[in-house]
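> here is a sequence with its predicted model. Questions after.
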Amino acid sequence: MQLSRQQLIILVLLTLAWGFNWPVMKLGIADFPPLTFRALSIWLGLPVLGLAMVVMKVPFVVPRDKFRELFWLAFANMFVWHALIIVALKHLSSGRAAILGYTMPIFSALLGAWFFGNTLTARSWVGVGAAALGVSLLLWHELTNLSGAPLAVLCALIGAATWALGTHKLRNTTMPVATLTISFWMTAMTAVVLSVLALLFEVPQWKVPGAATWWSIGYNAVLIFGFAHAAWYFLARSLPPVASSLSVMMIPILGMFSGALGLGEVLHWQDWAAVVLMVVAIGSVLVPTRAGFSSRI
């Protein structure tokens with residue numbers, strides 16, 4: 001596999017959009033029910049993604065015999081992740097929620113090695129180890145706080161593990177349709193699922209969103225559900241799972257530091273050390289092994 005210029009540009013834009021979104025989401029759900037916030041964001045983002053498909057002339061049709069596979073792809077990649085992580089974020093700091101969510105690359109590498117027949121190189125194992133140590137350091141000062149919100153921590157970890165499984169399923173799918181098409185219908189199904197959950201659990205909390213919540217919903221609609229998810233699925237289908245997974249490890253770093261700047265969350269020396277480890281994790285799969293811009297991963 002080749003890391004092309006297009007993939008690198010998409011990776012950088014994806015990292016920026018998702019990284020800054022953690023404090024944005026935390027701000028948006030500060031006084032607003034989280035599942036409703038997520039459902040509104042997805043419904044408003046769906047037309048953006050659909051318009052992009054129309055402009056790019058990407059077909060919407062999925063073969064009928066692939067509906068079942070599409071549902072399970074959506075379940076593993078979106079249903080569980082979006083429901084659990086937004087609920088967890090309500091009870092955790094934005095930076096630490098991002099860190100817990102991005103244990104996904106660790107789960108992805110291990111699941112790939114254990115169940116999907118992926119052979120990890122020595123560099124890949126170094127990357128997984130560096131990412132795991134980085135997550136441990138980032139949680140150093142949060143152990144006491146996290147113990148007070150065990151269900152939130154568990155939600156974030158289950159969401160991350162399920163997302164990791166979804167990454168492998170997406171990588172191995174044989175659906176003869178464009179990635180944008182898969183992304184559109186997974187997003188549409190997730191909008192329905194999140195709406196049902198909001199109706200079941202949050203109706204008494206419903207109110208008109210404030211200005212900050214609307215701004216956060218708009219950010220998520222356009223940049224996250226209109227762009228970032230489709231970009232991620234493109235990378236997940238075109239790169240080996242360990243490469244696509246570890247390559248996004250800068251996202252929780254951005255989430256942590258933007259949360260510190262925007263929301264006043266405190267940083268410690270362990271956070272700075274973790275930055276170095278995350279860079280090692282990224283470099284283990286993206287730094288060329290020989291001269292030239294593109295490299296074999």
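Now that the structure is in, tell me what you want to look at.

> assumed V208 was part of a helix.
No. According to DSSP: H, G, I helix; E, B strand; the rest coil, the state of V208 is coil, so it is not within a helix.

> that one and A30, how far apart?
For V208, the distance to A30 equals 15 Å [CB to CB, to the nearest Å]. For glycine as for every other residue, the C-beta is placed from the backbone atoms N, C-alpha and C.

> now A231, nearest residue through space, not along the chain?
L14 (4.5 Å; CB to CB, 6 or more residues apart in numbering).

> for the one you found, grab the count of nearby residues.
The tally of other residues near L14 (other CB atoms under 10 Å) stands at 24.

> just the pLDDT at it, thanks.
Note on L14: pLDDT of 89.

> against W232, how distant is R38?
Counting by CB to CB, the gap from R38 to W232 is 17 Å.

> and for stretch 132-141, what's in contact with it?
95-96, 99-100, 102-103, 106, 146, 249, 252, 256, 266, 268, 270-271, 273-275, 277-278, 281 (CB atoms under 8 Å, 6 or more residues apart in numbering).

> out of the residues you listed, which end up buried?
95-96, 99-100, 102-103, 106, 146, 249, 252, 256, 271, 274-275, 277-278, 281 (16 or more other CB atoms under 10 Å).

> so which of those belong to strands?
When DSSP state E is applied, those are split such that none fall in strands.

> narrow these to those in helices?
Among the buried ones among the contacts of stretch 132-141, DSSP state H puts 95-96, 99-100, 106, 146, 252, 256, 271, 274-275, 277-278, 281 in helices.

> would you list these in a markdown table and tack on distance to P23 and pLDDT?
What follows is those, written out as a markdown table (distance: CB to CB, whole Å; pLDDT from 0 to 100):
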| residue | distance to P23 | pLDDT |
| --- | --- | --- |
| G95 | 8 | 81 |
| R96 | 12 | 78 |
| I99 | 13 | 82 |
| L100 | 15 | 83 |
| I106 | 23 | 77 |
| L146 | 19 | 60 |
| P252 | 12 | 81 |
| M256 | 9 | 81 |
| D271 | 15 | 72 |
| A274 | 18 | 75 |
| V275 | 17 | 74 |
| L277 | 22 | 78 |
| M278 | 18 | 74 |
| A281 | 22 | 72 |
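
> now the two most distant members of these.
Greatest spacing in these, by CB to CB: L146 and A281 (22.0 Å).

> related to what we said a few turns ago, quick one: which of R38 and W232 has more around it?
Taking other CB under 10 Å, R38 and W232 do not tie; R38 has more neighbours (28 against 24).

> so what does the more buried one have for phi and psi?
Taking degrees, to the nearest 10, you get phi -70, psi -40 for the backbone angles of R38.

> pLDDT wise, what is it at?
Reported pLDDT for R38: 97.
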